[in-house]
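Chemist: Got a sequence here, can you build the structure:
(one chain, ligands or ions: 1)
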Amino acid sequence: MNFSKMHGLGNDFMVIDAITQNVHLSPELIKRLADRHTGVGFDQLLVIEPPYSPDHDFHYRIFNADGGEVEQCGNGARCFARFVRLKGLTKKRELKVSTLKGTIILKVNEDETVQVNMGEPVFDPQSIPFKAIKEEKTYIIRAQEQTVFCGVVSMGNPHCVLQVNDVLTASVATLGPVLESHERFPERANIGFMQIVDRNTIQLRVFERGVGETLACGTGACAAVAIGITQGLLDSKVKVKLPGGDLDICWEGVGKPLFMTGSATHVYDGFVTL
Ligand SMILES: N[C@H](CCC[C@H](N)C(=O)O)C(=O)O
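Modeler: Here you go, the predicted structure:
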């Protein structure tokens with residue numbers, strides 16, 4: 001099976017064209033392929049399919065390294081957009097794409113950066129899902145004998161974002177996994193550690209559901225900005241500085257879509273015998 005290796009700011013993907021190839025991958029096989037020593041190695045696997053409805057250009061599926069299928073992937077969306085053009089599956093620069101949970105609109109700019117309309121952030125606890133009596137700007141979660149103050153939002157996938165004084169000393173490796181599988185997140189969650197630099201700049205590290213800490217998380221950047229704006233800490237245009245690089249996020253507030261713009265890099269093409 002042919003594939004491409006790509007990354008968005010170091011968040012890396014195995015990308016498979018399931019339009020011209022017959023692709024059937026079990027969770028066990030995905031986990032094997034994700035292994036960085038005995039497999040291809042990736043944070044997520046992206047599978048490109050024909051559209052599920054005539055008013056879309058493609059459908060794209062996202063699988064975490066642990067083999068689980070998920071609803072959305074921001075860095076993956078930008079890599080998807082460049083992949084379908086590089087492989088001649090389309091010549092369009094504007095693409096309407098469905099994923100497991102929703103539709104995103106992508107625009108490939110002249111400089112090959114990609115702008116993604118990620119839709120509207122969802123704060124209703126039930127839709128995230130997150131166990132809470134009512135919607136709050138800030139929640140209190142008891143974890144690891146600690147009291148954690150955080151925001152919770154869905155970008156199609158669930159995110160919990162804590163504010164920290166210094167991302168470099170944040171307890172990503174210890175608090176990340178505890179919150180990722182906390183009982184208040186029935187489908188687990190991605191955990192963001194956000195340092196506010198100013199009203200238009202944050203630093204961010206993300207412990208991703210099903211993967212662990214990644215060099216960048218696109219939906220995590222979107223979630224952190226949406227929560228920061230809701231909590232009155234950020235303006236509508238924010239540069240998110242992740243370990244792997246920067247993303248530009250813009251959100252005008254409730255009722256409006258959130259936009260993410262950033263790079264997507266093709267590394268190599270490969271062939272794997274299953
Ligand atoms: N780990 C995420 C999926 C990938 C998100 C991330 N790689 C991105 O760029 O948005 C989840 O389980 O919801």
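
Chemist: hmm, stretch 137-154 touching the ligand?
Modeler: No. On the criterion C-beta under 6 Å from any ligand atom, stretch 137-154 is out of touch with the ligand, staying 9.5 Å away. To be clear about C-beta, it is placed using only N, CA and C from the backbone, and glycine gets the same treatment.

Chemist: Dump that stretch to CSV, keeping only the CA atoms.
Modeler: Provided in CSV are the C-alpha atoms of stretch 137-154 (Å, rounded to 0.1, in the frame of the first residue of the first chain):
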residue,chain,number,x,y,z
LYS,A,137,-16.2,29.5,31.5
THR,A,138,-13.9,27.8,34.1
TYR,A,139,-14.4,24.3,35.7
ILE,A,140,-12.8,22.8,38.8
ILE,A,141,-11.6,19.2,38.3
ARG,A,142,-10.0,17.3,41.2
ALA,A,143,-7.2,15.2,39.8
GLN,A,144,-4.1,13.5,41.4
GLU,A,145,-4.9,15.2,44.8
GLN,A,146,-4.8,18.5,42.9
THR,A,147,-7.5,21.1,42.2
VAL,A,148,-7.3,22.0,38.5
PHE,A,149,-9.0,25.1,37.1
CYS,A,150,-9.6,24.6,33.3
GLY,A,151,-11.8,25.4,30.3
VAL,A,152,-13.4,22.7,28.3
VAL,A,153,-14.5,22.9,24.6
SER,A,154,-15.1,20.7,21.6
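
Chemist: how far is that stretch from where the chain is centred?
Modeler: 20 Å (C-alpha atoms, centre = their mean, to the nearest Å).

Chemist: Stretch 42-49 too?
Modeler: That offset, for stretch 42-49, works out to 12 Å (C-alpha atoms, centre = their mean).

Chemist: neighbouring contacts of it?
Modeler: Contacts to stretch 42-49, defined as C-beta atoms under 8 Å, 6 or more residues apart in numbering, come from residues 5, 11-19, 23, 25, 30, 33-34, 58-65, 70, 73, 76, 79-80, 83-84, 89, 208, 211, 214.

Chemist: Backbone torsions only: list them for the closest residue to K134 other than its chain neighbours.
Modeler: In space, and not counting its chain neighbours, K134 is closest to P125: 7.6 Å by C-beta to C-beta, 6 or more residues apart in numbering. In terms of degrees, to the nearest 10, the main-chain angles of P125 are phi -50, psi -40.

Chemist: wait, P125 sits on K131?
Modeler: Yes. P125 lies in contact with K131 (C-beta atoms under 8 Å); the separation is 7.1 Å.

Chemist: mind checking pLDDT for the closest residue to K87 other than its chain neighbours?
Modeler: Excluding the flanking residues, the one nearest K87 by C-beta to C-beta, 6+ apart is D17, at 6.0 Å. With respect to pLDDT, D17 has a value of 98.

Chemist: is D17 in a bridge, and if so with what?
Modeler: Beta-bridge partners recorded for D17 (DSSP bridges): I48.
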